[in-house]
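Trainee: Could you work out the structure for the sequence below:
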Amino acid sequence: MRRHEELESLQNMSDEQLKAEAARLKESLFRLNFKLALGEVDAVKTVRREKKTLARVQTLMRAREQEQAAK
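Mentor: Predicted coordinates for the structure are as follows:
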């Protein structure tokens, strides 16, 4: 159920909001990976979740680009 709600909220975002969300997720992943490398945090699940969310955002952005190009 959680993924479905997340997907709906992402689909309701504008293009600018999706770009901002992608940038936020990339920054978050960078920080988490850095902390994991240093051994400060054991957040493997969080990294995995952030990666999947970023992939969903990028997929939506790409689908919208293809939609615009088709018109």
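
Trainee: just checking, next helix/strand downstream of the lowest-mean-pLDDT helix or strand in the chain?
Mentor: Sorting the helices and strands of the chain by mean pLDDT, DSSP states H and E puts helix 2-11 at the bottom, at a mean of 84. Downstream of helix 2-11, the first helix or strand assigned by DSSP states H and E is helix 15-38.

Trainee: who's in contact with that following helix?
Mentor: 10, 13, 41-44, 46-47, 50-51, 53-54, 57-58, 60-61, 64 (C-beta atoms under 8 Å, 6 or more residues apart in numbering). C-betas here are computed from N, CA, C, even on glycine.

Trainee: Check the gap between the residue nearest the centre of the chain and Thr46 for me.
Mentor: Closest to where the C-alpha atoms of the chain average out (C-alpha atoms, centre = their mean) is Leu54, at 2.1 Å. Leu54 sits 12 Å away from Thr46, going by C-beta to C-beta, to the nearest Å.
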